[in-house]
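Trainee: Got a sequence here, can you build the structure:
(one chain, ligands or ions: 1)
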Amino acid sequence: MSKSPEELAARQALAEVSRLCYQRGYITGTEGNFSIRLDKNRILTTPRGVCKGRINEADLVITDADGTPADPHVALPSTELKMHLAAYRLRDDISAVVHAHPTVAVGFTVAGVSLSTPALPEVVCTIGTIPVSPYATPSTDEVVQSIEPYVKKCDALMLDHHGALCLGKDIWDAFYKLETVEHQAQTLLVAHMLGGPKPLTKEQVASLLNVRSVYGLTNEVDVDYLTAAASGNSD
Ligand SMILES: [Zn+2]
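Mentor: Below is the predicted model of the structure:
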């Protein structure tokens, strides 16, 4: 059966984001999984056990909303696809999910150090805080339970001692959030090495939150946390 122009475009974008994540060091080996919701019951996703740095459009897998492959004789989806399916189930407003293991951001969870310090204006404006879901054994239903409360209200979160999960209205939107998370982590790491971050002030955080609507940003942010973590309070 021939593929629609929309599916061909989605395959191209998903393969490109997969390769970019590998090239940028957000995943190694066969790690990471990425998906696009094509429609209510069709998910386009990366195959299990394949290096995403070498992936092509034809390697991608289509499943239904429960993760059953449309063609079981082709490749199987990742065992971590259930995280993506949970996100689609809980959020009508998103159409793409990226899951990767960005080194510096994951290092913050391994060290138990917050990634949510209000340090960079674009991070406060776009994703607000970067919460950490409790540790759960990868690929199990425990992971789904651990992320559900965060996925309901956040577009970017960390899985403790594991990786990052970013949601977007399209695959590029989700990828840019992943980049933002790792950039925040790298910046905070440098600040920690240079004597510790000096967060933005409460006034600066308040005026950044005010301008969010100018950019059409409507996703929920944890105003109470950001205000409490702003300069003058301990993080
Ligand atoms: Zn993972």
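Trainee: give me the low-pLDDT residue ranges for this protein?
Mentor: Within the chain, the segments meeting pLDDT under 70 span 1, 216, 218-219, 232-235.
Trainee: Next, please give the residue ranges for the strands of it.
Mentor: Secondary structure of the chain (DSSP state E): strands located at 33-39, 42-45, 61-63, 96-100, 132-133, 156-159, 163-168.
Trainee: Counting by contacts, list what the shortest one packs against.
Mentor: Counting contacts by 3 or more Cβ pairs under 8 Å, 6 or more residues apart in numbering; DSSP states H and E, the secondary-structure elements packed against strand 132-133 are helix 141-151, strand 156-159. All C-beta atoms are positioned from the backbone trio N, CA, C, and that covers glycine.
Trainee: what packs against the shortest one?
Mentor: Counting by 3+ Cβ pairs under 8 Å, 6+ apart, the packing neighbours recorded for strand 156-159 are helix 103-111, strand 132-133, helix 141-151, strand 163-168, helix 171-193.
Trainee: Check which residues of it are buried.
Mentor: Under the neighbour-count criterion of 16 or more other Cβ atoms under 10 Å, strand 156-159 has 156-159 buried.
Trainee: Could you do stretch 77-92 as well?
Mentor: Those would be 77-78, 80-88, 91, for stretch 77-92 by 16+ other Cβ under 10 Å.
Trainee: Please apply the same query to stretch 57-74.
Mentor: Residues of stretch 57-74 classed as buried: 57, 59-63, 67, 69 (neighbour count, 16+ other Cβ under 10 Å).
Trainee: Alpha carbons of that stretch, in PDB - could you do that?
Mentor: C-alpha atoms of stretch 57-74 as PDB (Å, rounded to 0.1, in the frame of the first residue of the first chain):
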ATOM      1  CA  GLU A  57      12.700   6.200   6.900                       C
ATOM      2  CA  ALA A  58      11.900   2.600   5.900                       C
ATOM      3  CA  ASP A  59      13.200   1.200   9.300                       C
ATOM      4  CA  LEU A  60      10.400   2.900  11.300                       C
ATOM      5  CA  VAL A  61       7.500   0.900  12.700                       C
ATOM      6  CA  ILE A  62       3.800   1.600  12.800                       C
ATOM      7  CA  THR A  63       1.800   0.400  15.800                       C
ATOM      8  CA  ASP A  64      -1.800   1.000  17.100                       C
ATOM      9  CA  ALA A  65      -2.500   3.000  20.300                       C
ATOM     10  CA  ASP A  66      -1.700  -0.100  22.400                       C
ATOM     11  CA  GLY A  67       1.700  -0.600  20.800                       C
ATOM     12  CA  THR A  68       0.800  -3.600  18.700                       C
ATOM     13  CA  PRO A  69       2.700  -3.500  15.400                       C
ATOM     14  CA  ALA A  70       0.700  -3.200  12.200                       C
ATOM     15  CA  ASP A  71       3.000  -5.800  10.600                       C
ATOM     16  CA  PRO A  72       4.600  -8.200  13.200                       C
ATOM     17  CA  HIS A  73       6.900  -9.600  10.500                       C
ATOM     18  CA  VAL A  74       8.800  -6.300  10.200                       C
END
